[in-house]
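>>> structure, please.
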Amino acid sequence: MKVMTIVKREYLTRVKTKGFLIGTFLLPVMLIAMMLMPAFFMSRAGKSAQQKIAIIDQTGRLAEKLAQSFGDIKNDKGEQRFQVEMLTTDDDLESTKHRLNGRVNGGELNAYLIISSTIFSDNTFEMHAKNVGNFEFVQQVERTVSSIVRNLRLEESGLDSELVHRLNRWVSVTTFKIGEEGSTAQRAETSFLYSMGMGMILYMMLLLYGQFVVRAIIEDKNSRVIEVIISSVKPSQFMAGKVLGIGATGLTQFLIWIATFLLIGAYGLTMAQMFAPDMTRLPLPEISPMVLATFCIYFLTGYFFYATIGAMIGSMVNTDSEAQSYQWIMIFPIIISFFLMFLINNQPDSLLATILSFIPFFTPILMFARVLNDAAPLWQIGLSIVIMGLSLWGMIWFAGRIFRVGILMYGKKPTLPEVVRWIKYT
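Numbers count the residues shown, from 1 in each chain. Take a look at the predicted model:
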């Protein structure tokens with residue numbers, strides 16, 4: 001009951017602050033704007049506007065095909081996107097370029113192309129424009145010219161261009177994971193990406209909220225009010241309420257962010273089609289209820305486990321600057337887990353992988369990777385969850401023991417032997 005009272009106080013105190021409300025709702029809006037607005041304006045301005053281009057064909061063989069291909073390109077309004085003017089160079093090329101530069105600067109043309117006679121050997125052509133930063137426009141022109149040159153090469157060699165394209169198509173492999181219920185399709189990199197995603201989420205959560213836990217404990221140590229509170233509750237109860245309350249605050253903010261990004265996912269996919277016109281949908285791998293459940297369990301236990309380490313660090317020091325020298329205790333195990341994921345994905349059922357996945361510092365990421373690879377029996381999953389629960393409670397107990405002594409220590413950063421003696425005090 002006392003623990004829940006502390007949890008409620010810590011949670012409500014923080015979620016009602018202006019900083020929490022602004023950070024929760026303003027940050028997603030800013031990130032969404034940074035990701036989507038440039039693509040939105042680029043698509044509106046780039047694909048709707050009509051482009052006037054002039055082409056100088058020095059090969060004498062591409063003019064007709066270029067005019068037809070550019071004429072067939074439509075903008076998002078269904079109108080002809082390119083107005084093409086084919087030119088010849090009866091006079092000096094430099095004089096022609098000087099005259100065309102004036103037309104571009106005057107707004108009469110958007111760009112002009114010089115298709116040199118050596119394009120079939122050096123594979124390059126020139127594009128002169130006032131704005132070369134519109135890479136969507138540049139890529140459209142490059143794809144069109146490249147396609148015509150490539151097809152003409154094939155025709156002149158006596159080969160059917162469509163046949164060559166069909167014969168030259170890439171062959172891909174479809175992987176199937178064999179389980180007790182048979183084979184199910186799954187991409188080879190899915191397990192690794194899921195594990196990496198788990199680690200990145202945990203890492204980012206610790207960077208964002210680990211400091212909150214450390215700073216909150218330091219503030220309590222420097223507050224005389226806490227001496228009254230600690231006299232009515234056990235140190236372990238206080239630390240449990242503190243960690244759970246602050247951790248719940250971070251999870252609330254994190255879930256709001258996730259929900260926001262999921263809501264804009266469909267629109268973001270539409271914007272992505274600008275860069276991949278043939279993409280009609282993003283293939284999402286299927287997530288079984290077992291994988292989803294284990295992800296939630298390992299994420300929560302891992303998050304609170306490392307948050308408790310942050311509370312322990314805050315109990316040992318008196319200032320934020322002192323706490324920074326101990327941050328590696330939270331971050332280093334997660335970094336090691338990233339490297340160990342390669343071993344887990346290659347040999348998920350090996351003895352070493354099994355042992356490593358039961359170490360609490362590595363369990364949230366490595367055991368989850370083994371679950372994804374169907375290499376962890378149900379009893380190992382259950383045992384690892386029990387170990388994480390006991391480890392979490394043990395870390396809270398240790399943090400409480402350190403805090404009950406550290407609250408009276410000022411002006412000196414303790415050494416490791418001193419911290420060990422704090423834990424042994426009765």
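
>>> list the contacts of Val104.
Applying CB atoms under 8 Å, 6 or more residues apart in numbering to Val104 gives the contacts Asn110, Ala111, Tyr112, His128, Ala129, Lys130. For every residue, glycine as well, the C-beta is placed using N, CA and C.

>>> could those go into a markdown table alongside neighbour count?
Shown next, in a markdown table, are the contacts of Val104 (neighbours: other CB atoms under 10 Å):
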| residue | neighbour count |
| --- | --- |
| Asn110 | 20 |
| Ala111 | 22 |
| Tyr112 | 23 |
| His128 | 16 |
| Ala129 | 18 |
| Lys130 | 11 |
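
>>> please produce CSV containing those residues, extended by pLDDT and distance to Ser315.
Listed next are the contacts of Val104 as CSV, based on pLDDT from 0 to 100; distance: CB to CB, whole Å:
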residue, pLDDT, distance to Ser315
Asn110, 85, 66
Ala111, 87, 66
Tyr112, 87, 71
His128, 87, 67
Ala129, 85, 63
Lys130, 78, 63
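
>>> now, which of those lie within strands?
Ala111, Tyr112, His128, Ala129 (DSSP state E).

>>> for stretch 386-402, buried residues please.
By neighbour count with 16 or more other CB atoms under 10 Å, stretch 386-402 contains the buried residues Ile387, Met388, Ser391, Leu392, Met395, Ile396, Trp397, Phe398, Ala399, Gly400, Arg401, Ile402.

>>> quick check: Met395 touching Tyr306?
No: Met395 lies out of contact with Tyr306 (CB atoms under 8 Å); the separation is 9.1 Å.

>>> the buried residues of stretch 386-402 in helices, which ones?
Per DSSP state H, helices hold the following members of these: Ile387, Met388, Ser391, Leu392, Met395, Ile396, Trp397, Phe398, Ala399, Gly400, Arg401, Ile402.

>>> quick one, grab the pLDDT at the residue lying closest to the second one once chain neighbours are set aside.
This points to Met388. Among residues not flanking Met388 along the chain, Thr301 sits closest, at 4.0 Å (CB to CB, 6 or more residues apart in numbering). We have a pLDDT of 87 for Thr301.

>>> do Gly394 as well
As predicted, Gly394 sits at a pLDDT of 89.

>>> and the strands in the stretch 301-426 of the chain, which stretches?
Using DSSP state E, counting those that start in this stretch, the stretch 301-426 of the chain contains no strands.

>>> how about low-confidence regions in it?
408-413, 415, 426 (pLDDT under 70).

>>> go again using 50 as the cut-off
The stretch 301-426 of the chain contains no residues with pLDDT under 50.

>>> can you list the domains in this structure?
Using automatic domain parsing, the domain parsing of the chain gives 51-158, 188-424.

>>> which of those sits most buried?
Most buried of the domains of the chain, by mean neighbour count (mean count of other CB atoms under 10 Å): domain 188-424, with a mean of 17.

>>> chain neighbours aside, what residue packs nearest to Gln51?
Per CB to CB, 6+ apart, closest to Gln51 is Asn110, 4.7 Å.

>>> coming back round to it: out of the domains of the chain, which gets nearest to Arg14?
domain 188-424 (4.5 Å; CB to CB).

>>> now find how far off-centre the closest one is within its chain.
Relative to its parent chain, domain 188-424 has a centroid offset of 18 Å by CA atoms, centre = their mean, to the nearest Å.

>>> also stretch 117-136?
Distance, stretch centre to chain centre, for stretch 117-136: 34 Å (CA atoms, centre = their mean).

>>> quick one: contacts of that stretch?
So stretch 117-136 is contacted by 42-43, 46-47, 58-59, 97, 100-101, 104-105, 110-116, 138, 141-142, 145, 149, 153, 274 (CB under 8 Å, 6+ apart).

>>> okay, now that stretch: how far is its last residue from its first?
Using CA to CA, to the nearest Å, the end-to-end distance of stretch 117-136 comes to 26 Å.

>>> one more: stretch 73-85?
Separation of the first and last residues of stretch 73-85 by CA to CA is 15 Å.

>>> I'd like the domains of the chain as TSV, with distance to Phe25 appended.
Shown next, in TSV, are the domains of the chain (distance: least, CB to CB, whole Å):
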stretch	distance to Phe25
domain 51-158	32
domain 188-424	8
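
>>> which among those is found nearest to Val29?
With CB to CB, the closest approach to Val29 among those belongs to domain 188-424: 8.4 Å.

>>> which parts of the stretch 51-200 of the chain are strands?
Counting by DSSP E, counting those that start in this stretch, the strands of the stretch 51-200 of the chain are 51-57, 82-87, 111-115, 126-129, 176-179, 182-185.

>>> relative to Ala240, which of those is closest?
That would be, of the strands of the stretch 51-200 of the chain and by CB to CB, strand 176-179, which comes in at 38.8 Å.

>>> give me the mean pLDDT for the closest one.
The average pLDDT for strand 176-179 rounds to 59.

>>> re earlier: ok, the residue nearest to Gln51 - contacts?
Residues in contact with Asn110, defined by CB under 8 Å, 6+ apart, are Gln51, Lys52, Ile53, Val104, Ala129, Lys130, Asn131, Phe137.
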